[in-house]
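Colleague: Give the three-dimensional model of this entry:
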Amino acid sequence: MQLTINNKIYDVDIEPDTPLLWVLRDEIGLKGTKYGCGIAQCGACTVHVDGEAQRSCQLEVGDLEGSAITTIEGVGTPEALSAVQQAWITHQVAQCGYCQSGQIMQATALLMENNAPTDEDIDDSMSGNLCRCGTYPRIRAAIHDAATKLQEG
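Modeller: Take a look at the predicted model:
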């Protein structure tokens, strides 16, 4: 089967009911997407499928052929960070960092849909992404900062 991940086509020979998370990490070698809970409750494994934030631990690869999948490795580059990634650094969001790829993917999806979110919009969108370190105030501040940068162009 063929999967389009970060604008690159990958041929994978794997059972169609295999979770996308395991294909990303174990078959393709993209380690940025993290395993958190395995039941789509924590958000550590968040990726974009056709532009929408999805939990890769519960997505079967057989359902994804023809979809555009974006992982944290497909958002910005070290030389040209996305607005969200830069805001994460500016606001020193990451503490342990484990959940942050999922947080960034969820925040990016929010800002693609709503480039001027309120605190309530942010809380609603980000509520399924857990951070054991409790960096939620910094996450919210970073999202507001990224939104401002995106509005300024």
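
Colleague: contacts and neighbour counts: CA atoms only from here.
Modeller: OK.

Colleague: On the three-state scheme, Ala53 is what?
Modeller: Under the three-state scheme (DSSP: H, G, I helix; E, B strand; the rest coil), Ala53 adopts strand.

Colleague: contacting residues for it?
Modeller: The contact partners of Ala53, taken as C-alpha atoms under 8 Å, 6 or more residues apart in numbering, are 46-47, 105-106, 109.

Colleague: Please repeat the previous calculation with a cut-off of 6 Å.
Modeller: Ala53 makes contacts with 47, 106, 109, as judged by C-alpha atoms under 6 Å, 6 or more residues apart in numbering.

Colleague: go on, Val23?
Modeller: Contacts of Val23 by C-alpha under 6 Å, 6+ apart: none found.

Colleague: where's stretch 138-148 relative to the chain centroid, distance-wise?
Modeller: With C-alpha atoms, centre = their mean, to the nearest Å as the basis, stretch 138-148 stands 16 Å off its chain's centre.

Colleague: ditto for stretch 76-86
Modeller: 13 Å.

Colleague: got the buried residues for it?
Modeller: 82-86 (16 or more other C-alpha atoms under 10 Å).

Colleague: same thing with stretch 110-120?
Modeller: Counting neighbours by 16+ other C-alpha under 10 Å, stretch 110-120 gives 110-111, 115-117 as buried.

Colleague: for that stretch, the distance to its chain's centre please.
Modeller: With C-alpha atoms, centre = their mean, you get 15 Å for stretch 110-120.

Colleague: what's the average pLDDT for that stretch?
Modeller: Throughout stretch 110-120, pLDDT has a mean value of 97.

Colleague: CA atoms only: put that stretch into CSV for me.
Modeller: Extracted C-alpha coordinates of stretch 110-120, given in CSV (Å, rounded to 0.1, in the frame of the first residue of the first chain):
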residue,chain,number,x,y,z
LEU,A,110,-6.5,24.9,15.2
LEU,A,111,-4.7,27.9,13.6
MET,A,112,-5.3,26.5,10.1
GLU,A,113,-9.1,26.6,10.9
ASN,A,114,-9.2,29.7,13.1
ASN,A,115,-6.3,32.2,13.0
ALA,A,116,-7.7,34.4,15.8
PRO,A,117,-8.8,31.9,18.5
THR,A,118,-10.1,33.1,21.9
ASP,A,119,-9.0,31.4,25.1
GLU,A,120,-12.2,29.3,24.9
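
Colleague: Thanks a lot, catch you later.
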